[in-house]
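Participant: Sequence first, predicted model second:
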Amino acid sequence: MAISSPQSSITTLIHSATMAATKLILALLLFLVVCSSNVASSKNSRRPKPCRRLVLYFHDIIYNGKNAKNATSAIVGSPAWGNKTNLAIPNRFGDVVIFDDPITLDSDLRSTPIGRAQGLYLYDKKEILTAWFGFSFVFNSTQLKGTINFAGADDIMKTTRDLSVVGGTGDFFMTRGIATLMTDAFEDDRYFRLRVDVQLYECF
Amino acid sequence: MAISSPQSSITTLIHSATMAATKLILALLLFLVVCSSNVASSKNSRRPKPCRRLVLYFHDIIYNGKNAKNATSAIVGSPAWGNKTNLAIPNRFGDVVIFDDPITLDSDLRSTPIGRAQGLYLYDKKEILTAWFGFSFVFNSTQLKGTINFAGADDIMKTTRDLSVVGGTGDFFMTRGIATLMTDAFEDDRYFRLRVDVQLYECF
Amino acid sequence: MAISSPQSSITTLIHSATMAATKLILALLLFLVVCSSNVASSKNSRRPKPCRRLVLYFHDIIYNGKNAKNATSAIVGSPAWGNKTNLAIPNRFGDVVIFDDPITLDSDLRSTPIGRAQGLYLYDKKEILTAWFGFSFVFNSTQLKGTINFAGADDIMKTTRDLSVVGGTGDFFMTRGIATLMTDAFEDDRYFRLRVDVQLYECF
């Protein structure tokens, strides 16, 4: 009894010391999991899994000298051999166009716009149809406020092509990503509709 | 006595083992705090607290056919119905302007410029006054060297509007952020002064 | 004996508890090293040591009214005092040029192009030669696919000047960095060759 008494108290001591150490270690592990998941999420946000995605359409009706009321864009620069009411030949090379195009959630031009695509595009190749875009999506509705800014080459003859999302403001503060364009429709030289799949990889 | 002796030596053993474990755990905790603060600071640098901020003004005097000496900008593209010495009607839609505007620390046009705002803007809406900007702040003084590059939509009728800082060089190497524009003054169609609040959220 | 028996079993208990704690602590330390190296690498990727570098050349032959076959660029906007087959005087101020220039690995214009530089540049200063660039490198070969998007001021009279890499797609998904330009050659007003040292600091 005299012997068992200190032994059991020692065992209790060891037990409580081990328990305390175990609790501390568990707390540390929990902390580490949080710590590592922070690191992981900050890494994941930079890898091919968008933190936000929007699929939108915009509609461009170019001014041809007769459609001032409906036109959403106009030729404002043209090469020596061009003019401002007809797209240049060949391949529109040298035409600069300013646009203010309605953005819709579906492909219908008559749907209520949720914003405007504003900026410029220019046709930059003699041999085939290619363009370069610098523009913004401007949102000012109850659902969406702010802008997304784009820049990049548009290899029009390809089914899909990627531009860069170079920044954003408001709801899209400091965002970056990729925009995949698809020509969803076109009519003569006067109308085109682009499907834009905006994939954002940096969200704040 | 014979019993108390092993007990006290065991207690010492437990004590020293617990002490050693406690020291290790404290060292770990210290390490973790450093580790987590690194994670935290790398996260904070991406949140709405600028790492650098500049409030500057730039002054634009557009060429009107008579002010070649004072003008800092010129219409270089215009729609079919426009020309290069008068802003287009309505709402300047379709005008493309190239500028090389002095940047000053205060709102006085005659203050010594600390750099130049260079690039283009274009008016992109028929119904109201809106613009799109692609330009750089170019600094080359003893205080500031390097460039800040901007892109974005300028909804002119709003009191303030945000553009993206899409990159930088020199003192502004790889920077990103937001620039809040305010029309600080305008006179007829010939002069405007913009206040630019540059908020940088990525500094290197 | 009766006393030594519990003491040794207690010592064993303490020993095994200490061993287990030590193993856990070592495992934690290993984990922490991995965790901290992740943090460190994510920080390093944002500092002046490129994760990728390309040195390329591009060649610009401007249209002058007689070289339609060879020209790779054309004036599409000009100031009131300019025209589209001659660069404006003085300092080309107000000229907007669209280009589709071949990119080569060496400085020889006749080398097989590995891509195209497409977009616009504009001359933006009356007093000296300066330009502003918005363009893309477009690659579509077996070695390289994708685009790199650039924006920034080109202070042409300086030996080297830096533009921003504002984004990329394909092989250059989401990249950012700096492009150092050097005028490698120029002939009259009709040809120039730029050496571009692309330094990417964000690679995915």
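Facilitator: Okay, I see it.

Participant: Do stretch A:64-84 and chain B come into contact?
Facilitator: Yes. Part of stretch A:64-84 sits close enough to chain B to count as contact by CB under 8 Å from any CB of the partner chain, namely A:Gly65, A:Ala74, A:Ile75, A:Val76, A:Gly77, A:Asn83, A:Lys84. C-beta coordinates here come from the backbone N, C-alpha and C atoms, glycine included.

Participant: Go ahead and measure how far that stretch is from the middle of the chain.
Facilitator: Taking the mean C-alpha point of stretch A:64-84 and that of its whole chain, the gap between them comes to 29 Å (CA atoms, centre = their mean, to the nearest Å).

Participant: what is the mean pLDDT for it?
Facilitator: Computed over stretch A:64-84, the mean pLDDT rounds to 97.

Participant: In that stretch, which residues are buried?
Facilitator: The neighbour-count criterion (16 or more other CB atoms under 10 Å in any protein chain shown) identifies A:64, A:71-80, A:82, A:84 as the buried residues of stretch A:64-84.

Participant: A:Thr183 reaches A:Arg161, doesn't it?
Facilitator: No. Assessed by CB atoms under 8 Å, A:Thr183 is found out of contact with A:Arg161, at 9.5 Å.

Participant: Point me to the residue of chain A nearest chain B.
Facilitator: Here chain A gets closest to chain B at one residue, A:Gly167, 2.7 Å apart by CB to the nearest CB.

Participant: Helix, strand, or coil at that residue?
Facilitator: What DSSP: H, G, I helix; E, B strand; the rest coil gives for A:Gly167 is strand.

Participant: What's the local residue count around it?
Facilitator: Using other CB atoms under 10 Å in any protein chain shown, the number of residues around A:Gly167 comes to 31.

Participant: Next: A:Thr85.
Facilitator: The criterion is other CB under 10 Å. On that basis, A:Thr85 has 15 neighbouring residues.

Participant: and it, what helix or strand is that in?
Facilitator: Taking DSSP states H and E as the criterion, A:Thr85 maps to no regular element, lying outside all helices and strands.

Participant: Please list all residues in contact with whichever residue of chain A sits closest to chain C.
Facilitator: Here the residue of chain A nearest chain C is A:Ser164; by CB to the nearest CB that distance is 2.7 Å. With contact taken as CB atoms under 8 Å, 6 or more residues apart in numbering or on different chains, A:Ser164 is in contact with A:150-152, A:176-179, C:147, C:149, C:166-169.

Participant: again with A:Ile98
Facilitator: Under the criterion of CB under 8 Å, 6+ apart, the contact list for A:Ile98 reads A:73-74, A:76, A:119-120, B:79, B:93-94, B:96, B:122-124, B:132.

Participant: from the contacts of A:Ser164, which is closest to B:Glu202?
Facilitator: Sorting those by distance to B:Glu202 puts A:Arg176 at the head of the list, at 10.6 Å, by CB to CB.

Participant: give me the beta-bridge partners of that closest one?
Facilitator: Bridge pairing for A:Arg176 (DSSP bridges) gives the partners A:Glu202.

Participant: give me the number of residues near it?
Facilitator: Using other CB under 10 Å, A:Arg176 is surrounded by 24 other residues.

Participant: Who are the contact partners of it?
Facilitator: Neighbours of A:Arg176 in contact, by CB under 8 Å, 6+ apart: A:Ser164, A:Val165, A:Val166, A:Gly167, A:Leu200, A:Tyr201, A:Glu202, C:Gly167, C:Met174.
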